[in-house]
Every structure is written in structure tokens, then in C-alpha cells.
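>>> model the structure of this input:
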Amino acid sequence: MGSTQLPPGAYDTLAATSAAVAASGESVEMVQLLGPDGTLGSDPVFSDYAKRIDPEKLRTFYADMARIRRFDQEATALQRQGELALWVPLTGQEAAQIGSGHASQAQDYIFPTYREHGVALVRNVDLAELLRQFRGISNGGWDPRQNNFHLYTLVLAAQTLHAVGYAMGIQRDQKMARDSTDPKAAVIAYFGDGASSEGDVHESMVFAASYDAPVVFFCQNNHWAISVPTEVQTKVPLANRAKGYGFPGIRVDGNDVIAVHGVTEWALEHAREGRGPVLIEAYTYRLGAHTTADDPTKYRESAEEAAWRAKDPLDRLEKYLRSEGLADEAFFEQVKVDGDELAKYVRETTHGLEVPDIRDAFANVYAEQHPLIAEELAWFEEYSAGFEGEEEASN
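Just a heads-up that it's a prediction; the model follows:
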């Protein structure tokens, strides 16, 4: 996490451009800085940003994208071997997550869906903790307060409502503490193109716009809502929807980590400064299955996948780093070693996870003991006791 500021006036320029597009009804142009061939292009606002970005930050982007892809591969293997009940892959979406995650600051709060493993990595969440939920032994596994990274949300789009409510709380806290020296904060709400059709997203954007809530809506348009293609979800770029609510909408190449980082940094600054919400549509692609319970060959063509593999976010950044002499072979070898070490840690930790006593579930419903829950626990204890004799006989 950190900041690579845009040149003076760039924030106002982009805000004005977005407002003009919204007023005219024109399509939102896609921001792209690093092309699939690994060369830098131009953009009226972000070109200078791309030229000035710290090489060390670029190497960090690549290392994190490679590590999270290796983690994704290991988690998929663990599910196939029966160690996880389910897994939600992210391969292909690394740039959207690593770029936006690094644009956030420590005081910002993140509301993920169930696929933001890359953002979790950036926010220093123990990745092995993510697997507790997918192993079916925990409702989450980590303390959101430690990293300002909320628990995964399995209910489609529900986190967008939570994010706006939290952002409105931040807004009111900051108004009450006008003399505070604490850094201003914003919220990022992640969701997919499929979730964008949910009423929760609409309601969230209405409230966010009405109260100028400091929230960035980050839509990872990976082109497939399970088996439903994007063109069935919307006939126009999803970023265009922002104009209906009266705030900026930006479409960015979600496989270009540099562009994603720059756009998200701008959007968060926009929100922190009290200018209201922003919608970012990261135009990317889910290279794998929706989940390990899904078979994408049933609903999409292999030629489509091949076309998007040519736009791989890791490949394009590696080409750029090599061509510009910003990383040598030793760097890439070390990244591979680090990825394998992460995979080994995750595998060993997962094998060591113990199934909690089911009685713990009764203690997690209310903060204090509740008579109804106590009654249900007593019934469970009595029911379980009825099997003790059978267990002894079988032994």
C-alpha cells in the first residue's frame, strides 16, 4: 500500500472529464497504460503517472500477482483432493486486485465478495485463514479489525450495502472530529458484473450518491456471471451506470495493473476529500471456473479463453520489466521460490486445521447467552447423548 500521486490538477481534470461524459451520455473510454505486448501507451490523464511510478513498486506488483496465482493453484488442488469443500479461483484477475489493493491506504476499509484473495494478500491477511471458510469450519477465519479487510460475503452484493453504511459512518465521524490529525479514510466495495444486476447494488449507489459517501464501487467485470455473459447483464459499459446516480464512472483495463492502480488511487482520493462516490469497472476476464463446482467448457468457447490468455496480466508486466531492464532473471526466480514457499505453508496449515466442536456454534450466535440458544444447546446435548451407547458398542 502507498501513494504514487498524479500530477497537480490531474484529479480535477479526471473528475471534470467524467462529469462531461456523464452529461453527454457518451460511452466511457477504457483507461489503458500497459498493453498486452508489454509496452506503455498514452492516456490524457494517467500517462505521466505511468512514467513516474517507482520501479520497486512495479516489482512488488509482479511479485504479488505471481504469489497470489500460485496460491490460487494450490487452493484449487486442495479442493480437488478433498481438503476444501469449495474454492473460488481468481486466475486472470490478479491485476485488478493487486493494483486496486495497493492503491488503498491502511485507514481505508475493504468490503470483499468471495474472490478477492489478491486484495487480502495486499492487506496482509494470512492467506491460510481464507481457507477456513472454504473448508467449512469457520464463518471467516480472520479479525477484520486487524487489517481493515472485512470477512468474505457469500450473499451476492450484500457487501455493497454494508460498505455504504460504513462509509456514511466514516463521514459522520470525520465531521464530528474536524480538528483530528488522523488521515481521512474511504471504503472500497468489490463486486462482479453479475452482482451488478442485484437490487442491493442499485440501492447502495442511490444512498452513496445522496449522501456523497466516501466509497469506491469496484466492479470486476470478468465477463461471466457463472454461465451468463456480460452482454446479457448490460447493453452498455457498466461504468456508464454511474451517470444515472450522478457520480463519476471509469472503465479501466483490469489486466493492466499500472492503470488499475492509478485509477483506484484517484478514485479513493476523490472519495476521501468529500467529493462523493466513484464507480470503477475493471474490464478483465475469469480464465478459470467460477468455482470448483463449475465447468466453464459447458458455456463458453475455448477460442474466447485463448484470446484472453494473450492478455494475461502477469505476462504483460513481465515483458515490460524485462524490456526496461527493471528486473533480472534472479528476481523472477526468487518470485517463483516465494510462491512455492507460500503454497507449502498454505498446504501444511490446511492439513493441520481441526474441525471445531459443534458446541462452539451455539456460543457464536449472540454476544451473551440467550435463553432460546441455551434451550437448543440442551436439546442437542440430550440428542447426542443418545448415541453414546451405540458408539461404545461399535468400538
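>>> show me what contacts residue 144?
Contacts for residue 144 (Cβ atoms under 8 Å, 6 or more residues apart in numbering) come out as 150, 151. Backbone N, C-alpha and C define where each C-beta goes, glycine included.
>>> now it: how far from residue 150?
5 Å (Cβ to Cβ, to the nearest Å).
>>> give me the nearest residue to residue 84, chain neighbours excluded.
Nearest residue to residue 84, sequence neighbours excluded (Cβ to Cβ, 6 or more residues apart in numbering): residue 134, at 4.6 Å.
>>> surely that neighbour meets residue 75?
Yes - counting by Cβ atoms under 8 Å, residue 134 touches residue 75, with 7.4 Å between them.
>>> pull out the buried residues from the host helix or strand of residue 362.
Using DSSP states H and E, residue 362 falls within helix 359-363. Neighbour-count burial for helix 359-363, counted by 16 or more other Cβ atoms under 10 Å, picks out residue 362.
>>> what's the average pLDDT for that helix?
For helix 359-363, mean pLDDT is 86.
>>> can you list the buried residues in the next helix or strand after that helix?
Going down the chain from helix 359-363, the next helix or strand is helix 371-385, by DSSP H and E. Neighbour-count burial for helix 371-385 flags 373, 377 (criterion: 16+ other Cβ under 10 Å).
>>> tell me what helix 371-385 is packed against?
On a contact count with 3 or more Cβ pairs under 8 Å, 6 or more residues apart in numbering; DSSP states H and E, helix 371-385 meets helix 359-363.
>>> name the helices or strands packed onto the helix it packs on?
If you count contacts as 3+ Cβ pairs under 8 Å, 6+ apart, helix 359-363 packs onto helix 371-385.
>>> may I have the helix it packs on as CSV, with CA atoms only?
C-alpha atoms of helix 371-385 as CSV (Å, rounded to 0.1, in the frame of the first residue of the first chain):
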residue,chain,number,x,y,z
PRO,A,371,-32.4,-18.5,26.6
LEU,A,372,-33.5,-19.9,23.2
ILE,A,373,-30.0,-20.8,22.2
ALA,A,374,-29.4,-22.3,25.6
GLU,A,375,-32.5,-24.4,25.1
GLU,A,376,-31.4,-25.6,21.7
LEU,A,377,-28.0,-26.5,23.1
ALA,A,378,-29.6,-28.5,25.9
TRP,A,379,-31.6,-30.4,23.3
PHE,A,380,-28.5,-31.1,21.2
GLU,A,381,-26.7,-32.4,24.3
GLU,A,382,-29.6,-34.7,25.0
TYR,A,383,-29.8,-35.9,21.4
SER,A,384,-26.0,-36.5,21.2
ALA,A,385,-26.1,-38.5,24.5
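>>> excluding covalently adjacent residues, which one is nearest to residue 213?
In space, and not counting its chain neighbours, residue 213 is closest to residue 167: 4.1 Å by Cβ to Cβ, 6+ apart.
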